[in-house]
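> Here's a sequence, model it:
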Amino acid sequence: MNYVYIIECNDGSLYTGWTVDIEKRLHLHNCGKGAKYTKSRCPVILRYVEEHPVKQDALRREREIKRLSRVKKLALIAGSSQ
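I've put the predicted structure just below:
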């Protein structure tokens, strides 16, 4: 399974990414090894996740979410069951 996720960094900023192993990816983000952006913004908290069986669908959705404004990302998070 492929996952698209939004995490909230310790400075309140939001980061969107994709992975095949959400737990491992969160661990890497929190160890400062997940992404350059999150390296100095640890710890991070998972705020939103979607599952996609097809990798290309997950990558497409990641791009869509990254283009959303902060307000729309927060609305997406608020509408989730997380």
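> contacts, neighbours, all on C-alpha from now
OK.
> mind checking how far Arg47 is from Cys9?
The span separating Arg47 from Cys9 equals 10 Å under the rule C-alpha to C-alpha, to the nearest Å.
> neighbour-wise, which of the two wins?
Cys9 (21 against 18; other C-alpha atoms under 10 Å).
> Just to check, that one is in contact with Ile45?
Yes - with contact taken as C-alpha atoms under 8 Å, Cys9 and Ile45 are classed as touching, separated by 6.6 Å.
> So which residues of the chain form helices?
Under the criterion DSSP state H, the chain contains helices at 22-30, 36-39, 55-67, 70-78.
> what would the ones you listed look like in TSV with distance to Thr16, mean neighbour count and mean pLDDT?
Putting the helices of the chain into TSV (distance: least, C-alpha to C-alpha, whole Å; neighbours: other C-alpha atoms under 10 Å; pLDDT from 0 to 100) gives the following:
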stretch	distance to Thr16	mean neighbour count	mean pLDDT
helix 22-30	12	17	96
helix 36-39	10	16	93
helix 55-67	6	16	98
helix 70-78	10	14	96
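> who's in contact with His52?
The contact partners of His52, by C-alpha atoms under 8 Å, 6 or more residues apart in numbering, come to 1-4, 58.
> now it, which residues is it bridged with?
In this entry, His52 is beta-bridged to Asn2, by DSSP bridges.
> I'd like the distance between it and Tyr37.
From His52 across to Tyr37, the span is 24 Å (C-alpha to C-alpha).
> With Ile65 instead?
Remark: distance between Ile65 and Tyr37 (C-alpha to C-alpha) = 16 Å.
> show me what contacts the closest residue to Val54 other than its chain neighbours?
Residue nearest to Val54 in three dimensions, not counting chain neighbours: Asn2, with 6.8 Å by C-alpha to C-alpha, 6 or more residues apart in numbering. When contacts are counted by C-alpha under 8 Å, 6+ apart, Asn2 is found next to 18-21, 51-55, 58.
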